[in-house]
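Student: turn this into a model:
(one chain, ligands or ions: 1)
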Amino acid sequence: MARSYVKEARRRVGPKRARIVPIIERLAAAHPDAGIALRFRSPLELLVSVMLSAQTTDVNVNRVTDRLFEKYRKPEDYLAVPVEELERDIFATGFYRQKTKSLRGTMQMLIEDYDGQVPTDFAALLRLPGVARKTANVVSSERGSPQGIVVDTHVRRLSQRLGFTKHEDPVHIERDLMRLVPRADWGRFPHLMIWHGRRVCDARRPLCEECVLTDLCPSSRLA
Ligand code: SF4
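Tutor: Numbering: from 1, shown residues only. Sure thing, here's the model as predicted:
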């Protein structure tokens, strides 16, 4: 019974390859302001903000970095203070010990291997201590050359509901999305998913009656 319902829902909305572009276009029209919520003025500030955003909200990170970036302006500044001082300065973002370790390791490598600059190369970003694929994806994307698709909790939930993936883990979900989403949209796609997820397609109570995707979504409650 459940299986035939899913099949019927998929038949109703059509194949994902035919839906992906209209879905992106409708979401872009519905959320013209969708973009990164972190505040930064340089590649270094972008990198630090994204590293600090793990396990906390962007609002929280912005609150911390407003003061942090006045004090720490270049990689050397993060190494010039005692570890405990940097820990205190980023304490409010949580996991401050691990984040301090990652920040200091990253700054050290930036100075030694990259002339104090944040590299543009994706593989080079991934070499930085504490920089995993998601962070490297966000940084590359915000610098205008996305190398993959950022997968967070909203992107995962919406991609599953919209029938773009059957997977649970971010690596497989990203692979499915990279095959489906046009390359030119890799940068804005996660922002659209995230903003739609926050405003409309809530984890517990999706507002299908207010959603611009009901006729394209196999999980719509209105079907
Ligand atoms: S129709 Fe409902 S489940 Fe589908 S994307 Fe919209 S809010 Fe989410």
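
Student: rest of the way, CA atoms for contacts and neighbours
Tutor: Fine.

Student: would you mark the buried spots in the longest helix seen in the chain?
Tutor: The single longest helix within the chain, with elements called by DSSP state H, is helix 96-114. Neighbour-count burial for helix 96-114 flags 96-97, 99-110 (criterion: 16 or more other C-alpha atoms under 10 Å).

Student: try stretch 179-189
Tutor: Leu180, Val181, Trp186, Gly187, Arg188, Phe189.

Student: apart from its neighbours in sequence, what residue is nearest the second one?
Tutor: Excluding the flanking residues, the one nearest Val181 by C-alpha to C-alpha, 6 or more residues apart in numbering is Ile20, at 6.7 Å.

Student: ok, that neighbour touching Met178?
Tutor: No - using C-alpha atoms under 8 Å, Ile20 makes no contact with Met178, being 11.8 Å away.

Student: remind me what the longest helix of the chain packs against, helices and strands.
Tutor: With contacts taken as 3 or more C-alpha pairs under 8 Å, 6 or more residues apart in numbering; DSSP states H and E, helix 96-114 sits against helix 43-52, helix 75-80, helix 83-90.

Student: what does this structure put close to the ligand?
Tutor: Arg161, Val200, Cys201, Pro206, Leu207, Cys208, Cys211, Leu213, Thr214, Cys217, Ser219, Ser220 (C-alpha under 6 Å from any ligand atom).

Student: pick out the residue nearest the middle of the chain.
Tutor: Val150 (4.4 Å; C-alpha atoms, centre = their mean).

Student: that residue: which element?
Tutor: If you go by DSSP states H and E, Val150 is not part of any helix or strand.

Student: residue contacts, it?
Tutor: Lys134, Asn137, Val138, Glu174, Pro190 (C-alpha atoms under 8 Å, 6 or more residues apart in numbering).

Student: sec struct for the last one, please.
Tutor: In this case it means Pro190. Three-state assignment for Pro190 (DSSP: H, G, I helix; E, B strand; the rest coil): helix.
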